[in-house]
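# Please find the sequence and the predicted model below.
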Amino acid sequence: MEFLASVHWTAACAGAVAAYVLGFAWYSPVLFQKKWLLGHGISMSDDTPMMPAMLVQALGTVLLALCVSMVLAAFSYGGVVLLALTIAVLIAAGGLFAQKNYYVIAVESGFVLAMVALIAIVHVLL
């Protein structure tokens, strides 16, 4: 686990929390929830099991924050941009294969870009 030695743990943890909170706003009725749900053809109800998705999202957000921290430890801001673009493009490709509408693809890919930007900003500030 030597590769984790370069992680700025405070920044990675704070960035992960900030990005996870961003997800609540991003997929809320205030921002993109209504059209995103409509684009998927689904609805949210009180009996929709959210915990598995939220746990997987939390794990993914922590892993993303660790990746961003390790890339920034090498002072590679371009690497962070490349990481964000790579993930966003792969999400877009998956969305196209799944025949999702363009709005859904934009929301989901845009969320990754926003998460990486927020994690990087937190990292630079700390």
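Thanks, I have the structure now. Residues are numbered from 1 along each chain as shown.
# which other helices and strands contact the helix or strand bottoming out on mean pLDDT in the chain?
One helix or strand of the chain scores below all others by mean pLDDT, DSSP states H and E: helix 33-40, with a mean of 92. Counting contacts by 3 or more C-beta pairs under 8 Å, 6 or more residues apart in numbering; DSSP states H and E, helix 33-40 packs against helix 102-125. C-betas here are computed from N, CA, C, even on glycine.
# ok, residues contacting the helix it packs on?
8, 11-12, 14-16, 18-19, 22-23, 26-27, 32, 35-36, 39-40, 61, 64-65, 68-69, 72, 77, 80, 83-85, 87-89, 91-92, 95-96, 100 (C-beta atoms under 8 Å, 6 or more residues apart in numbering).
# Quickly note the distance from residue 56 to residue 125.
Going from residue 56 to residue 125 by C-beta to C-beta, to the nearest Å gives 28 Å.
# go on, residue 37?
33 Å.
# and if you look at residue 88?
For residue 88, the distance to residue 125 - C-beta to C-beta - is 23 Å.
# Please say which of those two ends up with more neighbours.
Between residue 88 and residue 125, residue 88 has the larger neighbour count (other C-beta atoms under 10 Å), namely 21 against 9.
# Need the per-residue pLDDT for that one.
According to the prediction, residue 88 has pLDDT 98.
# Who are the contact partners of it?
Contact analysis of residue 88 by C-beta under 8 Å, 6+ apart lists 109-110, 112-113.
# just the buried members of those?
Among those, those buried by neighbour count (16 or more other C-beta atoms under 10 Å) are 109, 112.
# can you list the contacts of residue 88 in TSV and add distance to residue 52 and pLDDT?
Listed next are these as TSV, based on distance: C-beta to C-beta, whole Å; pLDDT from 0 to 100:
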residue	distance to residue 52	pLDDT
109	22	98
110	24	98
112	20	98
113	25	98
